[in-house]
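S.K.: Pasted the sequence and its predicted model underneath.
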Amino acid sequence: MIDSTYVFFGVAIMAAVTYLVRMIPLVFFRREIQNRFIRSFLAYVPYAVLAAMTFPGVLFSTGGLPSGLVGLAVAVTLAFFRRGLLTVAVGAAAAVFLTEQILRWTVG
């Protein structure tokens, strides 16, 4: 059984790490960043992090990789043509569902 002291110590370490990650930029960058390259780079960081976190889930949360790729292709296509979020999500889910049904029907 885990002693409560270890749990408290672990939570304290996680809190300190989270605090440091959020406070270090505030300490080092007191002024507004003037460099256009750095500003444009930092503007895309949230999108890159979101993509890195969700992309594996998009491909591997379905029954198999083929249906994940079809759903991704449909979602990207609908988003490219500026459809709404609900349309993209329903279209991708429908594409995954149809692909899974076709694969089940053809395989056995």
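M.R.: Perfect, I can see it now.

S.K.: Give me the helix or strand of the chain that scores worst on average pLDDT.
M.R.: helix 36-60 (a mean of 88; mean pLDDT, DSSP states H and E).

S.K.: buried stuff in that helix?
M.R.: For helix 36-60, the neighbour count (16 or more other CB atoms under 10 Å) marks residue 58 as buried. Where you see a C-beta, it was placed from the backbone N, CA and C, and this is true even at glycine.

S.K.: Please give me every residue in contact with the spatially closest residue to residue 95 that is not a sequence neighbour.
M.R.: Excluding the flanking residues, the one nearest residue 95 by CB to CB, 6 or more residues apart in numbering is residue 74, at 4.0 Å. Going by CB atoms under 8 Å, 6 or more residues apart in numbering, residue 74 touches 91, 92, 94, 95.

S.K.: what's downstream of the least confident helix or strand of the chain, the next helix or strand?
M.R.: Going down the chain from helix 36-60, the next helix or strand is helix 65-80, by DSSP states H and E.

S.K.: distance between that next one and the chain's centre?
M.R.: 15 Å (CA atoms, centre = their mean, to the nearest Å).

S.K.: need the next SSE after that helix, C-terminal direction.
M.R.: helix 85-107.

S.K.: So which bits of that following helix are buried?
M.R.: 88, 91, 92, 95, 96, 99, 100.

S.K.: And for the closest residue to residue 58 other than its chain neighbours, the neighbour number?
M.R.: Spatial nearest neighbour of residue 58, chain neighbours left out: residue 72 (5.6 Å); criterion: CB to CB, 6+ apart. Using other CB atoms under 10 Å, residue 72 has 17 neighbouring residues.

S.K.: Can you list the low-confidence ranges for this protein?
M.R.: Counting by pLDDT under 70, the chain shows low-confidence ranges at 1, 108.

S.K.: ok, the closest residue to residue 61 other than its chain neighbours to residue 98 distance?
M.R.: Distances taken as CB to CB, 6+ apart place residue 68 nearest to residue 61, at 7.1 Å, with adjacent residues excluded. According to CB to CB, to the nearest Å, residue 68 stands 13 Å off from residue 98.
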